[in-house]
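Q: Sequence below, structure please.
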Amino acid sequence: MRWALVKVCLAVTAMVVIAFAVPLGLVIREMASDRAFSDAERQAAMIAPALSITTDREELTRAVLSTEPGDRGRLAVHVPAPEKAADGTDGEALDIGTRRASPKDVATVRKAGRASITEVTDGFALLQPTALSTGDIAVVEVFVPEGEVSNGVATAWLILAGVGVALIVGSVAVADRLGVRMVQPAQRLAGAAHDLGEGRLGTRVPEEGPTELRSAAVAFNSMADQVVQLLANERELAADLSHRLRTPLTVLRLNAASLGEGPAADQTRAAVEQLEHEVDTIIRTAREQRPQTQGIQTGAGAGCDVSEVIRERMGFWSALAEDEGREVRLAGVDRTVRIPVARPELAAALDALLGNVFRHTPEGTAFAVDVHHSGDAVIVLVSDAGPGITDPEAALARGTTNPGTVGSTGLGLDIVRRVAESTGGDLRIGRSVLGGTEVRIWIGLHGTSPDRGRRGHGRRVARRFGRPRRKEPRTTAGPATSGPS
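A: Model prediction:
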């Protein structure tokens, strides 16, 4: 492409130079010729006054030699012979100076009465008719050398040739630079497309060059980002789906623990343990292979009633809590509040938190779920009376668990955090009034972060429901676990 552009530019420039230089050179040549013959006409006119006065040879010879062309042997005068001389004899024709034109050419000019230019040896001869006092026509001949006719033409042609060559070289250089400016971004784009096809997903193209190539680079980078995002979403989905299997696995593990002793019971517990191990492996593999992504994308109009979803999930977990002798308290779910989170995502987040309570706290540990409604946010508090989390910051870090934690992938809290951040909220871990862990989920109702100054109010709400009640459960927050998944 680069050399094709150079060739095209070379051809176009050459045609332009030829189209202008050749006619200009011809015009210069014509101007030089006109200038030389105009000077010859002026020199011929210098002898006309003498011819109008006398036709005496000596007088005319002196007049011819007194002029510059006559002194240089370039001027001649041809006077025809008179019909009768003064003494009655036939007159003699006069040829003064150096004759170069043929008698025939002189006779033709005398007869026609018009100036003429004839080609002679080493140049040209201007034949200028001049009337004599006797009524006859004399012919003045001025010799114009070849060099004067083409004087300056060669220099002009050299200058035009030099300008033409300079234009061609300059155009080729400019075309080469333009070709490089166009070809290099195109080559980078092609190389990046090849690298992306080879699986190097971090490949991007500098957005530079002509407008069209910049647009192509922007489109390519956007496409590459979309590919990365799609792959990340697929892996995220695989990890999330695998993590959701943890909920029924937790129930199976607890039920298997109550089977007692025997080969069948041992095989069942071993199978459940093996299944948990495989699920953890899938989660870790998916997380190691995907880049970090942003919060959950919810479609326009997606949402659910937070109270209804919490009541439904608590109904699921309460049966298992009753089997393990756990006291459960629930509060704040008596009114309908819609949040901009899809129902499956909120259910997955609640299952992750409640699953952590059952996995990482001893049997008989109480827990509570409280929902607080404010003007621009919904606060979900999940708390337990377990041993608590020794390092909340590490637990919130993606993929980080507490030292010594077994069977934790770190994805559970990440699912919860992404649900909160997708609405402009956040996730916090603290100490609950029950003595264990409190996890607070701030869910923005309008896509903006809740007012941080109101968090003290959330603490007061949690304390308000800290006292156990027989018929109305209390609300606090957070799955207390020493190693949340």
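
Q: quick one: low-confidence ranges for the stretch 251-400 of the chain?
A: 277-302, 398-400 (pLDDT under 70).

Q: which stretches of it form helices?
A: Taking DSSP state H, counting those that start in this stretch as the criterion, the stretch 251-400 of the chain carries its helices at 263-289, 306-324, 343-360, 392-396.

Q: Let me have those helices in a markdown table, adding distance to A219 as columns.
A: All C-beta spots, glycine's among them, are computed from the backbone N, C-alpha and C. Putting the helices of the stretch 251-400 of the chain into a markdown table (distance: least, CB to CB, whole Å) gives the following:
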| stretch | distance to A219 |
| --- | --- |
| helix 263-289 | 26 |
| helix 306-324 | 40 |
| helix 343-360 | 31 |
| helix 392-396 | 37 |
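
Q: so can I have CSV of those showing mean neighbour count and distance to T54?
A: Written out in CSV, the entries for those read as follows (neighbours: other CB atoms under 10 Å; distance: least, CB to CB, whole Å):
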stretch, mean neighbour count, distance to T54
helix 263-289, 15, 119
helix 306-324, 16, 133
helix 343-360, 24, 127
helix 392-396, 18, 128
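
Q: Tell me how far A45 lies from T13.
A: 47 Å (CB to CB, to the nearest Å).

Q: Compare the two (neighbour count), which wins?
A: More neighbours surround T13 than the other of A45 and T13, with 19 against 13 (other CB atoms under 10 Å).

Q: Quick check: that one touching V169?
A: No - because the distance of 9.2 Å does not satisfy CB atoms under 8 Å, T13 is recorded as not touching V169.

Q: between the helices of the stretch 251-400 of the chain, which one is nearest to R110?
A: Distances from R110 to each of these were compared using CB to CB; the shortest belongs to helix 263-289, at 109.7 Å.

Q: host element of V64?
A: Counting by DSSP states H and E, the secondary-structure element that holds V64 is helix 57-65.

Q: May I have the helix or strand following that helix exported as CSV, CA atoms only?
A: The C-terminal neighbour of helix 57-65 among helices and strands, as given by DSSP H and E, is helix 68-71. Included here for helix 68-71 are C-alpha records, laid out as CSV according to Å, rounded to 0.1, in the frame of the first residue of the first chain:
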residue,chain,number,x,y,z
GLU,A,68,26.5,48.1,-34.9
PRO,A,69,25.2,45.2,-37.0
GLY,A,70,26.9,46.7,-40.1
ASP,A,71,30.2,47.0,-38.3
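
Q: what comes up buried for helix 68-71?
A: For helix 68-71, a neighbour-count test (16 or more other CB atoms under 10 Å) marks 69-70 as buried.

Q: what does stretch 47-59 give?
A: Within stretch 47-59, the residues that qualify as buried by neighbour count (16+ other CB under 10 Å) are 47, 50-51, 55.

Q: Run through the residues that contact the residue nearest the centre of the chain.
A: The residue lying closest to the centre of the chain (CA atoms, centre = their mean) is R214, at 2.4 Å. By CB atoms under 8 Å, 6 or more residues apart in numbering, the residues touching R214 are 185, 207-208.

Q: Are any of the residues you listed buried, and if so which?
A: Buried residues within the contacts of R214, counting neighbours by 16+ other CB under 10 Å: P185.

Q: returning to what we had before: please list the residues outside the helix holding V64 that contact it.
A: Counting by CB under 8 Å, 6+ apart, the neighbours of helix 57-65 from elsewhere in the structure are 47, 50-51, 53-54, 70-71, 75-77, 79, 94, 96-97.

Q: Make CSV from those and add distance to G135 and pLDDT to it.
A: As requested, those are exported to CSV (distance: CB to CB, whole Å; pLDDT from 0 to 100):
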residue, distance to G135, pLDDT
I47, 18, 82
A50, 17, 82
L51, 12, 81
I53, 15, 79
T54, 15, 77
G70, 25, 80
D71, 30, 80
L75, 23, 87
A76, 22, 87
V77, 17, 87
V79, 13, 86
L94, 16, 81
I96, 20, 84
G97, 23, 81
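
Q: out of the residues you listed, who's nearest L231?
A: Among those, and counting by CB to CB, the member closest to L231 is L75, at 99.1 Å.

Q: Give me the phi and psi angles of the closest one.
A: Taking degrees, to the nearest 10, you get phi -120, psi 130 for the backbone angles of L75.

Q: That one contacts A50, correct?
A: No - taking CB under 8 Å as the contact criterion, L75 and A50 are not neighbours in contact, 11.5 Å apart.

Q: what distance separates stretch 20-27 from the middle of the whole chain?
A: 45 Å (CA atoms, centre = their mean, to the nearest Å).

Q: Ok, stretch 203-215 next?
A: On the basis of CA atoms, centre = their mean, stretch 203-215 is displaced by 3 Å from the centre of the chain it belongs to.

Q: Could you give me the buried positions within that stretch?
A: Counting neighbours by 16+ other CB under 10 Å, one finds that the buried residues in stretch 203-215 are 203, 205, 209, 213.

Q: where do the strands sit along this protein?
A: For the chain, the strands defined by DSSP state E occupy 75-79, 94-97, 116-120, 123-131, 137-145, 304-305, 328-331, 338-339, 367-373, 377-384, 426-431, 437-444.

Q: buried stuff in the last one?
A: For strand 437-444, the neighbour count (16+ other CB under 10 Å) marks 437-444 as buried.

Q: and the residue lying closest to V64 once chain neighbours are set aside, what does it touch?
A: Distances taken as CB to CB, 6 or more residues apart in numbering put G70 closest to V64, at 3.9 Å, once the chain neighbours are dropped. Residues near G70 by CB under 8 Å, 6+ apart: 47, 63-64, 97.

Q: and what of L24?
A: Shown in contact with L24 (CB under 8 Å, 6+ apart): L160.

Q: same deal with D105?
A: By CB under 8 Å, 6+ apart, the contact list for D105 reads 116, 118, 125, 127.
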